[in-house]
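> pasting the structure only:
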């Protein structure tokens, strides 16, 4: 066995052992650990900034771009944000141990389901070091051990954050291996990790399309992909033009670089003459480049002609594809063909069309008369999120504490045997 | 692209197209299809028996064993059982479309979750041709398209059953591709199928450990493994000896060849002198070979000495490993080390021990004072089951209709945008 494989294998076994302890831990113990972790981050800010400076220096030496450097950088405000994120997770209800659906079977056996941690969760992500603390907090509160593998560019920052979190676990009397980081930037470590299906219960990849696809292809462990969002807004015939415009602008402009931003606007042909000039002016004022179909360009002559390629693009930028369609069915067919099952919204006054859109569109969040930007665990009421799953099994969409757990069956009898 | 890859790819695309239609279908349409499918099986019994005869002949020519031939064989009673299985599924409640947890957010957005089909489910299984009809019925009622790949030994039987089911779908006005079988016994077809992650949402392998492991290693699609059951019964200090004996005998003897049969009996040292001679006599009368630890053999001198290897064995036969332990903790440690997270039971009078066992044992079903044989969808109240998942994500344990669905978020607004 190679050295890397051996190290990763030991890390996973230690995490599995620790997962039994954290699964049993009561809420008070887990909350004490979260409190100590937040305090540790605040008390060790200087240490974290030092480690981060090493990552930043290496990144600058490699000629890394400004946006990337900004995502990588820590400062005291961002460290405080990590700490208060842990405080917020501490305030959430503990999902573990809830029992539901207890029903008496005809033979007297009382059968129900108990919510339990998944066990060991591996998280593979890029860039932002705050994910290290966020993921550790959510997995701990939900009773799981976590194995963290951040981007190599944040290696020292992530190691320093995890070191502080592990010291807090130890001080609380919990095994340090409840939170581990893969302690080598060697890429072979990820490949090795993805074969550990006897010790790791779930892998969550968060990052670019290349990372997510590579994890899906290599993993023997169940994967909840956090893949791209090619999100649509469909403006129906008869929609409130002012509302449709506000929603479209918000969905595209409020934060264009994230997965729940709108990438394609679909417009019913009957409302296009009233709507497109209005939204077009607002998009232009907001600096958005429009790539339109021929019918769109009849109303927005400045728009770039859209190619087939544009319909499937996740721009993550101030660029918007716009297409005129003849019906709700044509809009839904477009979404089925080019969408990524992430977030879709309809703006309509028609109840039947709203309900058909909600029922038939196969996306993790389907909205009526609201911006796609609401696909976020906090906004949807989960309290906090570890990400947005585009995999349909287990958890489709925003994942909070409950989505980091599963349920087992329990049965209470008084001697029942099977006939 | 190879011929097999091309064929499988087309099959999966057709299934995905059909999945949109079956996801939209109302309950009455799905029930009409199930009724036509059951009628079709009854009306075409002669055709099915002919196809099955070809499989049996080929199997005999290959020198297949009696037990295997019996699993492969169809007769009119087994065909009627398939048909009435479809009738039972028809009588179950349709899980699709249920909306739960609708709550108003502070900004007025009404957020909840809607239960939806998974999409396309691939089922890879061995031997028994009835799985073809059972799986088709459950996936159809839960709004999914299914791709079936049975064992090559049942190739003609499965093709004939699927042919009848597809004719019934067509007669009901649903796409035939709601139910498809991989139309070649070529093993490369399974490898190709497991790469189709853009069209297939879930793979369920049911069969021997080799099949399940191979699917887990190769699949890029989420897998819910139906793996082995190394199931335990722990007889606690102070347990009712008669109850413990009945449960142990039932768990081992009632149907030894299935995954929820007990494979290891753990006995508290304090009750061993009272319990082991009683259960030992009953096991001997039932023809069960006991493989015991040294302390077991002090009470059951005829027992074969158990080796380390015995603790992890799924015998699926009239063989039982027996170990004496000093405490509940030692019993749970044994289960954690050697168990397969399938089914575990405690026999006890002690409430605290019962609750600790239920809380701390990490298995898909944990029972108090009842036989492990109850790990079955029908017995637990799911109505019918497609199998028992040993994967913790999505559905841990018995999988019925609801476990073949997922939930998406829905949000109803009146113009909400994100600040």
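It's in. For clarity, every value in this text was computed on a predicted model and none was experimentally measured.
> distance check, residue A:176 against residue A:145.
As judged by C-beta to C-beta, to the nearest Å, residue A:176 and residue A:145 stand 10 Å apart. C-beta coordinates here come from the backbone N, C-alpha and C atoms, glycine included.
> which of the residues in stretch A:313-331 are buried?
A:313-315, A:319-325, A:328, A:330-331 (16 or more other C-beta atoms under 10 Å in any protein chain shown).
> what do you get for stretch A:45-65?
Neighbour-count burial for stretch A:45-65 [16+ other C-beta under 10 Å]: A:45, A:48, A:49, A:51, A:52, A:55, A:56, A:59, A:64.
> got it, and stretch A:184-200?
Neighbour count says stretch A:184-200 has A:186, A:189, A:190, A:192, A:193, A:194, A:195, A:196, A:197, A:199, A:200 buried, by 16+ other C-beta under 10 Å.
> how about whatever residue of the stretch 201-350 of chain A ends up closest to chain B, nearest residue that isn't a chain neighbour?
In the stretch 201-350 of chain A, the residue that lies nearest chain B is residue A:250 (3.6 Å; C-beta to the nearest C-beta). Leaving aside its sequence neighbours, residue A:250 sits nearest to residue B:417 (C-beta to C-beta, 6 or more residues apart in numbering or on different chains; 3.6 Å).
> so what's the residue count around the one you found?
18 (other C-beta atoms under 10 Å in any protein chain shown).
> domains in chain A, by residue range?
What automatic domain parsing lists as the domains of chain A is A:3-227+A:395-412, A:231-379.
> got TSV for the ones you listed, with mean pLDDT too?
TSV is the format used below for the domains of chain A (pLDDT from 0 to 100):
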stretch	mean pLDDT
domain A:3-227+A:395-412	95
domain A:231-379	97
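> which stretch among those domains comes nearest residue B:406?
Residue B:406 sits nearest to domain A:3-227+A:395-412 of all the domains of chain A, at 5.0 Å, using C-beta to C-beta.
> next one: that closest one to chain centre, how far?
13 Å (C-alpha atoms, centre = their mean, to the nearest Å).
> cool, and stretch A:360-377?
The answer for stretch A:360-377 is 14 Å, by C-alpha atoms, centre = their mean.
> what's the first-to-last distance across that stretch?
End-to-end distance for stretch A:360-377: 23 Å, by C-alpha to C-alpha, to the nearest Å.
> need the residues of the stretch 251-400 of chain A near chain B, please.
A:251, A:254, A:336, A:354, A:358-360, A:362-371, A:373-375, A:379-381, A:391-394, A:396-398 (C-beta under 8 Å from any C-beta of the partner chain).
> show me which of those residues are buried.
Using 16+ other C-beta under 10 Å as the burial test, those include A:251, A:254, A:336, A:354, A:358-360, A:362-371, A:373-375, A:379-381, A:391-394, A:396-398 as buried.
> what's the following helix or strand after the stretch of helix or strand residue A:281 belongs to?
Here residue A:281 sits within helix A:272-285, counting by DSSP states H and E. Moving toward the C-terminus from helix A:272-285, the first helix or strand encountered (DSSP H and E) is strand A:289-292.
> in that following strand, what counts as buried?
Buried residues in strand A:289-292, counted by 16+ other C-beta under 10 Å: A:290, A:291, A:292.
> what does it contact?
Residues from elsewhere that reach strand A:289-292, judged by C-beta atoms under 8 Å, 6 or more residues apart in numbering or on different chains: A:280, A:283-284, A:296, A:300, A:302-307, A:310, A:318-323.
> neighbouring strands for it, and are they parallel or not?
Take DSSP bridges as the rule and strand A:289-292 pairs in its sheet with strand A:304-305 (parallel), strand A:319-325 (parallel).
> give me the contacts around the longest one.
Spelled out, it's strand A:319-325. Looking at what lies outside strand A:319-325 - C-beta under 8 Å, 6+ apart - the contacts are A:234, A:252, A:262-269, A:272, A:276, A:283, A:288-293, A:295-296, A:300, A:303, A:306, A:310-311, A:313, A:331, A:334.
> do stretch A:9-20 and chain B meet?
Yes: Stretch A:9-20 lies within reach of chain B by C-beta under 8 Å from any C-beta, at residue A:20.
> in the strand of greatest length in chain A, what counts as buried?
Longest strand of chain A, by residue count under DSSP state E: strand A:405-416. If you call a residue buried by 16+ other C-beta under 10 Å, then strand A:405-416 has these buried ones: A:405, A:406, A:407, A:408, A:409, A:410, A:411, A:412, A:413, A:415, A:416.
> the domains of chain A into CSV, with extra columns for distance to residue B:10?
Converted to CSV, the domains of chain A look like this (distance: least, C-beta to C-beta, whole Å):
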stretch, distance to residue B:10
domain A:3-227+A:395-412, 22
domain A:231-379, 17
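> relative to residue B:70, which of those domains is closest?
Minimum separation from residue B:70 across the domains of chain A (C-beta to C-beta) falls at domain A:3-227+A:395-412, 29.2 Å.
> identify each buried residue in stretch A:338-358, please.
A:338-348, A:353-354, A:356-358.
> those residues in helices, which ones?
Those of the buried residues of stretch A:338-358 mapping onto helices are A:338, A:353, A:354, A:356, A:357, A:358, per DSSP state H.
> excluding chain neighbours, what is closest to the third one?
Counting by C-beta to C-beta, 6+ apart, residue A:354 lies nearest to residue A:368, which is 4.6 Å off, once chain neighbours are set aside.
> doesn't that neighbour fall inside a strand?
Yes: using DSSP: H, G, I helix; E, B strand; the rest coil, the assignment for residue A:368 is a strand.
> bridged to it, which residues?
Beta-bridge partners of residue A:368, as defined by DSSP bridges: residue A:346, residue B:412.
> isn't residue A:250 up against residue B:418?
Yes: at 6.0 Å, residue A:250 and residue B:418 qualify as touching, with contact defined as C-beta atoms under 8 Å.
> okay, and the common contacts of the two?
Taking C-beta under 8 Å, 6+ apart as the contact rule, residue A:250 and residue B:418 both touch A:371, A:373.
> which one's more surrounded, those two?
Set residue A:250 next to residue B:418 and count neighbours by other C-beta under 10 Å: residue A:250 wins out with 23 against 17.
> what packs against the biggest helix by length in chain A?
Ranked by number of residues, the top helix in chain A under DSSP H is helix A:3-24. Applying 3 or more C-beta pairs under 8 Å, 6 or more residues apart in numbering or on different chains; DSSP states H and E, one finds that helix A:3-24 contacts strand A:110-117, strand A:120-125, strand A:145-149, strand A:179-181, helix A:188-193, helix B:351-360.
> for those, which one sits closest to residue B:81?
With C-beta to C-beta as the measure, strand A:110-117 is the member of these nearest residue B:81 (25.1 Å).
> just checking: what are the partner strands of that closest one?
Strand A:110-117 is paired, per DSSP bridges, with strand A:99-104 (antiparallel), strand A:405-416 (antiparallel).
> any part of the helix or strand following the longest helix of chain A near chain B?
Later in the chain than helix A:3-24, the nearest helix or strand by DSSP H and E is helix A:27-43. No: if you take C-beta under 8 Å from any C-beta as the test, helix A:27-43 misses chain B, and the best it gets is 13.4 Å.
> tell me the helix or strand right after helix A:27-43.
On the C-terminal side of helix A:27-43, the nearest following helix or strand under DSSP H and E is helix A:45-61.
> list the contacts for residue A:109?
A:411, A:412, A:413, A:416, B:370, B:374.
> go with 10 Å
Listed by C-beta atoms under 10 Å, 6 or more residues apart in numbering or on different chains, the contact partners of residue A:109 are A:103, A:411-414, A:416, B:367-371, B:374, B:379-381.
> returning to that earlier point: in CSV: the buried residues of strand A:289-292, plus distance to residue A:154.
Converted to CSV, those look like this (distance: C-beta to C-beta, whole Å):
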residue, distance to residue A:154
A:290, 36
A:291, 34
A:292, 39
